[in-house]
Structures are given as structure tokens and as C-alpha cells.
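Engineer: build me a model from this:
(one chain, ligands or ions: 1)
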Amino acid sequence: MTRWWTTDETHDPARTSWVDSANGHADFPIQNLPYGVFSPGDAPARIGVAIGDHVLDLAACAQSGLLPADAATLCGEPALNSLMAAPGALRRALRRQLSDLLSAPDARAQVEGKLHTLKDCVLHLPARIGDYTDFYVGIHHATNVGRLFRPDNPLLPNYKYVPIGYHGRASSIRPSGVPMVRSRGQRKMPDADAPVFAPCARLDYELEMGVWIGPGNALGTPIPITQASDHIAGLSLLNDWSARDMQAWEYQPLGPFLAKNFHSSISPWIVTSEALAPFRIAQPPRPQGDPAILPYLLDPQDQAHGAFAITLEVHLSTAAMRDQGIAPVRLSSGPASNMYWTIAQIVTHHASNGCNLNPGDLLGTGTISAPTPDGYGSLLELTDGGRTPVMLPNGEQRSFLCDGDEITLSARALADGFTPIGFGECRARVLPSP
Ligand code: CA
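Structural biologist: Have a look, this model is predicted:
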């Protein structure tokens, strides 16, 4: 069976854009065309598509009759929810039209006036996020963190049967660039008799991917694993900021709460499932001896094509580094395929009890770490629970984040014979606790 994620002319590496900055652009060549919501200056928010150093105003394109009629109405809204809810055929037709408009020289005169310089635009959340759920599918992260608490038994017995997750908080998700205020809360140091209420002393980031829900499902109607990909509109980067001292004190018995919900940062561009078609790879095989996947989560097509050839990176710059003109230092780099479950499996599992997923809902994968320290996706792992600080080029060191630190997540998808595409940045700076 052929799935809709086959490639077409929009992925052709020979296709170029008359927007010069798009050709060879690290993130946004014409083969990408990610959607976002932006404001040019003080103007109202509208849907746009990133192309090189510019963003194309889709609301303006719709008004000028440049888009397919059924997509035009959806592109006039100030959020992507309706477009995400649209059938795959509509989304693919819109992508084809945008690719044609931005590559055909004879379209330039009609389209050029609807471009804005990206750096002059304000980027908003791409959708009204009704619900946010965070999973825990990064098996090396789960093992590393588990080992800190249970050296002999890092993974709990359910891990290889259930895509573990918890319901997060949508209200505190912010786009890249919005500063993160250090949280305050209860913490109890192991040798203390009682907790204190204070600013977080073990502030951390978590490198994750965000999965945007497309059409979704009605309450009571699960999403079969064979159809899960139809319900994934695209991916972004997600930084699940974490207060480790508060997490350790509060997480039992019901799991993460205030240690996680004070702020989550996302990259504002949704790289669509269509754009990611060339970068699908096989899900890494399970280690010998692992339990078989339960039938409701098993689809041979998903096992063969359900992972992505995406490289993830984290960079840190401190206030002192910026003062000294020192470039951000890379903390880690690793493949996004270090996930025990595919994104289709987490969608299907989430809906398997009848829970309804809505267009624009956001799922986090959980922290994605490589097996080796150069690919660890959090400071908790990089510093072995704070015991071995990271050394920075100017002589500073970090066990956890200090005020003024800035974390930037980035990602690129790579495949032989195709033009690489990127996700843009997910960046935020730590502000002091009030
Ligand atoms: Ca997380």
C-alpha cells in the first residue's frame, strides 16, 4: 500500500525559488514551506509560510485569489487550527500551489508584494493549543534519568509496553523568543527536614519534538495505528523547561506538575508532514528480548517509515559569553530517531481509550537523548544530576541554568538525494525569579 507521504515535485531538489534567499537556505528552502502565524509590525496576526529570509502572507494571497478556493477561507484565519483540520488532499493541494507560486518566475509579480522580511515580523503561537500532552519516548533519556533514581532498575516494567505520558498545560506554551521567568516552588533537599518555597535552584531544559494534531478524532472513537499519520499535521521543536528540585519533591505519586508547567517554548514554524515525506526512515529495531508491540500499536508501514532522519542540536549562551562576544556553545547533537515509540504510536495510544484529540493539540515526544553524552538532551543527564558541571569556553561552568542563560534548540532533516530542511530556532532566555 502506498501512503500519502510519497514525494512529489514539491520535494524536487532541482526546484528553486525566485526568492533568492531561499536557495541554499539552511532552514527554509522551497522544499520546506512551513506554516506559522505572524504579524508584520503592529498589524494583526495572519497565517504565513516561511521562504528563505521571508514570510509569505497567505491571508493576502487568499484575498488576491492566488490559493485554491477551499484553502483560501482557512488561510484567512489568525491561527492554523482549521487548516490543520482539513483533509490531506486539501493540504497537499495548497502545498503544491505555494510551491508553484514561489518557484514560477511568472508568478513573481503577483506574489512579491505579499512577502515580508522575517526578521521584521513578530511570530506568534501557530495554533490555539487546546491541550498539550507530554510523552516520555526518548528511551536513553528515560534510562539515564531512571538510573539516577534506581541504579539497578532504570526503566520501570511498563516502559516497553506503554508509551508513557502525562497531561501538560497548554496555557504556558510560548513561541521562541519569549523569555522564561525562573519558577518558584517547593523543594526539599535530601538532607533537609522540611521543604522551602524558593526560586528554582536546579533549572533545566528538555530537548523534545512537538507533534501537531491534524483532523483528530471524536470522543469515543480511537485512531487506528494505520491512520495515525493522517492526524499529524507536522512537527516543531519543543523545550520543556523543568525545575528539577521541585520535580524530585512533587512527582510522586501522580507525576509531573508545577515542575513542568511554568513555561514551555516551541519553535513557531510547523514543518508539515508533507514536507517531511523524504526524511522518513525505519523505526530502529527493538533490542533482542524486548516485548512484542501490542497489536493496536503495530503497523508494519509505520515500523518501516515512522521515524525521521532529523538531527537535533542544543546551544547555550550565557550573559558573560554574550558580553565577551563568544558564540553560543553546542551542548549536544543527536538523531531524533532515539525514540522507543513512533509519533504515530503516541497518537494512537493517546486516542486508544477514546480520548479525543483536536486540531492544534500539541504532543511532546519527551526528551530525546542519544546513547552517548554528546547527544544528551538535558543538563540533568549532561551533568550527571548536577555532579559534573559542563565547562564553557570562557571558563564558566554550569550544573543547571543561571539567570541570563539562553537555550536554543535547532533541527535539520537530511536525506540522500533531497534538499535538507530545518525547523528554525526554539530559543529563550532565563529571566530572574520576581
Ligand atoms: Ca518532558
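
Engineer: Leu74 versus Leu102, what's the distance?
Structural biologist: 19 Å (C-beta to C-beta, to the nearest Å). Glycine gets a C-beta too; all of them are placed from N, C-alpha and C.

Engineer: bridging residues for Ala428?
Structural biologist: Bridge pairing for Ala428 (DSSP bridges) gives the partners Ile407.

Engineer: hang on, it packs against Val181?
Structural biologist: No - Ala428 is not in contact with Val181 according to C-beta atoms under 8 Å; the separation is 10.2 Å.

Engineer: name the helix or strand of this structure that has the lowest mean pLDDT.
Structural biologist: One helix or strand of the chain scores below all others by mean pLDDT, DSSP states H and E: helix 139-149, with a mean of 91.

Engineer: partners of the very next helix or strand once past that helix, with directions?
Structural biologist: The helix or strand immediately downstream of helix 139-149 is strand 165-167, counting by DSSP states H and E. Next to strand 165-167 in the sheet, as set by DSSP bridges, lie strand 132-135 (antiparallel).

Engineer: spatially nearest residue to Ser433, not counting backbone neighbours?
Structural biologist: In space, and not counting its chain neighbours, Ser433 is closest to Pro199: 3.7 Å by C-beta to C-beta, 6 or more residues apart in numbering.

Engineer: ok, now which ones touch that neighbour?
Structural biologist: Contacts for Pro199 (C-beta atoms under 8 Å, 6 or more residues apart in numbering) come out as 182-184, 432-433.

Engineer: show me the residues you listed that map onto strands.
Structural biologist: Per DSSP state E, strands hold the following members of those: Arg184.

Engineer: nearest to the ion among the contacts of Pro199?
Structural biologist: When those are compared for distance to the ion (C-beta to the ion), Ser183 wins out at 14.7 Å.

Engineer: isn't the closest one right next to Met246, touching?
Structural biologist: Yes - under the criterion of C-beta under 8 Å, Ser183 makes contact with Met246 at 7.3 Å.

Engineer: quick revisit: which of the contacts of Pro199 are buried?
Structural biologist: By neighbour count, with 16 or more other C-beta atoms under 10 Å, the contacts of Pro199 hold 182-184 as buried.

Engineer: dump those to JSON lines, plus distance to the ion and pLDDT.
Structural biologist: Formatted as JSON lines, the buried ones among the contacts of Pro199 follow (distance: C-beta to the ion, whole Å; pLDDT from 0 to 100):
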{"residue": "Arg182", "distance to the ion": "18", "pLDDT": "98"}
{"residue": "Ser183", "distance to the ion": "15", "pLDDT": "98"}
{"residue": "Arg184", "distance to the ion": "20", "pLDDT": "98"}
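
Engineer: so what's the closest residue to the ion within the chain up against?
Structural biologist: With C-beta to the ion, the shortest gap between the chain and the ion falls at Asp240, namely 3.6 Å. Residues near Asp240 by C-beta under 8 Å, 6+ apart: 134, 168, 205-206, 208, 260, 264, 364, 367.

Engineer: equivalent analysis for Ser242, please.
Structural biologist: By C-beta under 8 Å, 6+ apart, the neighbours of Ser242 are 203-206, 259-260, 378, 380.

Engineer: quick check: nearest residue in space to it, chain neighbours excluded?
Structural biologist: Ser242 sits nearest to Asp204 (C-beta to C-beta, 6+ apart), 4.6 Å away.

Engineer: now Ala413
Structural biologist: Ala413 sits nearest to Phe279 (C-beta to C-beta, 6+ apart), 4.0 Å away.

Engineer: quick one: that neighbour from Ile139, how far?
Structural biologist: 21 Å.

Engineer: same question, Ile266
Structural biologist: Distance, Ile266 to Ile139, using C-beta to C-beta: 23 Å.

Engineer: and the longest helix for this structure?
Structural biologist: Taking DSSP state H as the criterion, the chain has its longest helix at helix 88-103.

Engineer: buried residues, the following helix or strand past that helix. List them.
Structural biologist: Using DSSP H and E, the helix or strand that directly follows helix 88-103 along the chain is helix 108-111. Neighbour-count burial for helix 108-111 flags Val111 (criterion: 16+ other C-beta under 10 Å).

Engineer: starting from helix 108-111, tell me the next helix or strand along the chain.
Structural biologist: strand 115-117.

Engineer: just checking: what are the partner strands of that next one?
Structural biologist: Partners of strand 115-117 in the sheet, by DSSP bridges, are strand 54-57 (antiparallel).

Engineer: next one: the strand it pairs with to chain centre, how far?
Structural biologist: Here strand 54-57 is found 21 Å from its chain centre; the criterion is C-alpha atoms, centre = their mean, to the nearest Å.

Engineer: quick one: buried residues of it?
Structural biologist: Residues of strand 54-57 classed as buried by neighbour count (16+ other C-beta under 10 Å): 54-57.

Engineer: wait, which of those is closest to Ser236?
Structural biologist: Using C-beta to C-beta, Val55 comes nearest to Ser236 of the buried residues of strand 54-57, at 15.8 Å.

Engineer: chain neighbours aside, what residue packs nearest to that closest one?
Structural biologist: Gly48 (4.1 Å).

Engineer: and if you look at Ser236?
Structural biologist: Using C-beta to C-beta, 6+ apart and skipping residues adjacent in sequence, the residue nearest Ser236 is Gly210, 4.2 Å away.

Engineer: who's in contact with Arg286?
Structural biologist: Contacts of Arg286 (C-beta under 8 Å, 6+ apart): 160, 293, 340.

Engineer: isn't the first one right next to Trp341, touching?
Structural biologist: No - Lys160 is beyond contact range of Trp341, at 9.6 Å (criterion: C-beta under 8 Å).

Engineer: who has more neighbours out of these two?
Structural biologist: Trp341 (27 against 17; other C-beta atoms under 10 Å).

Engineer: ok, the more buried one touching Ala142?
Structural biologist: No - using C-beta under 8 Å, Trp341 is not in contact with Ala142, being 11.0 Å away.

Engineer: follow-up on the earlier one: and the longest helix of the chain, how far out from the chain middle?
Structural biologist: For helix 88-103, the distance to the chain centre is 23 Å (C-alpha atoms, centre = their mean).

Engineer: what pairs with Gly234 across the strands?
Structural biologist: Trp212, Thr272.

Engineer: what about it, how many residues close to it?
Structural biologist: Neighbour count of Gly234, defined by other C-beta under 10 Å: 24.
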